[in-house]
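**Q** sequence first, then the predicted structure:
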Amino acid sequence: MLRLHSVWTYYGKVQALKGVSLHVGEGELVTLIGANGAGKTTVLNTISGITPAARGSVTIDGQDITSWAPDRIVRGGISQVPEGRQVFGSLSVADNLRLGAYVRRRERGAEVEEDLERTQALFPALRERWRARGATLSGGEQQMLAIARALMARPRLLLLDEPSMGLAPMVVKEIFRKIAELRQQGTTILLVEQNARAALRVADRGYVLETGKTILQGTAEELLGNKEVQRAYLGKEYAKVWE
């Protein structure tokens, strides 16, 4: 479905991505892992058109979207859940979700209302806070809202950027249960996550990024068993945690 071929992305004169190539098949959950500054978020922003590629190509179903504007990319079936959630704090949960369906504004209202019901079924906590302002939600509730808002665009490909950031361990487990549920429902997902353990437990495949380059790739099982990945990203207590 998605393919990046030799993508170079810059912030001014700074090289953020240096020839990154990767692919995501339809129905897959693929994760990007790496240290801070490795280029993980830049990969997602390049796909979304927020930080366009200077060289290389981004294609979806074989169609080159490298030069597309971000709104056209969303209409083309790609939604991003940004790092830090970035919900609209002054708006209600309901209005945040309706904004997520903005690119579908020509559709019948009944279809959008049906999707609002689906998001409430996926995240029951949002139903309970339906009229609450986004700023009053807990971190976990805001993350659920950010994911649900992205789903309101009916994406074929969902980009998730650090969904566990700043959340308590029990909330992280719940968020990853929901991510696994979305994948089981057929949503294709590209997941950026510093919590490599959690990411690889739900992923089909993964890529390891280092200083803007893809240095390793493989199935989730292969990466979990790789000693270098264990040392750099899973920690000494890895085996004990997942026994």
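**A** It's in.

**Q** what separation is there between P52 and V103?
**A** According to CB to CB, to the nearest Å, P52 stands 19 Å off from V103. No exception for glycine: its C-beta is placed from N, CA and C like everyone else's.

**Q** tell me the phi and psi of L4?
**A** Main-chain dihedrals, L4, degrees, to the nearest 10: phi -110, psi 130.

**Q** next, count neighbours for it.
**A** Here the number of neighbours of L4 (other CB atoms under 10 Å) works out to 22.

**Q** I figured it hits S57, correct?
**A** Yes: the pair L4 and S57 passes the contact test of CB atoms under 8 Å, sitting 7.4 Å apart.

**Q** show me which helix runs longest in this structure.
**A** helix 169-184 (DSSP state H).

**Q** for this structure, which spans come out with low pLDDT?
**A** Where the chain drops to pLDDT under 70, the residues are 106-108, 235-243.

**Q** helix/strand/coil for R154?
**A** coil (DSSP: H, G, I helix; E, B strand; the rest coil).

**Q** wouldn't it be in contact with V112 here?
**A** No: if you go by CB under 8 Å, R154 and V112 don't touch, sitting 9.8 Å apart.

**Q** now the helix or strand encompassing I189 - C-alpha only, PDB.
**A** Here I189, judged by DSSP states H and E, is contained in strand 188-192. Output of strand 188-192 as PDB, limited to C-alpha atoms (Å, rounded to 0.1, in the frame of the first residue of the first chain):
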ATOM      1  CA  THR A 188      -3.300  -0.600   8.100                       C
ATOM      2  CA  ILE A 189      -1.000   1.100  10.600                       C
ATOM      3  CA  LEU A 190       2.400   2.700  10.700                       C
ATOM      4  CA  LEU A 191       3.400   3.100  14.300                       C
ATOM      5  CA  VAL A 192       6.200   5.300  15.600                       C
END
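
**Q** and the angle from it to helix 169-184?
**A** Angle, strand 188-192 to helix 169-184, by axes from the mean of the first three to the mean of the last three CA atoms, to 10 degrees: 150 degrees.

**Q** after strand 188-192, next one along is what?
**A** Following strand 188-192 in sequence, per DSSP H and E, is helix 196-202.

**Q** for that following helix, which residues meet the burial criterion?
**A** Using 16 or more other CB atoms under 10 Å as the test for burial, helix 196-202 gives A196, R197, A198, A199, L200, V202.
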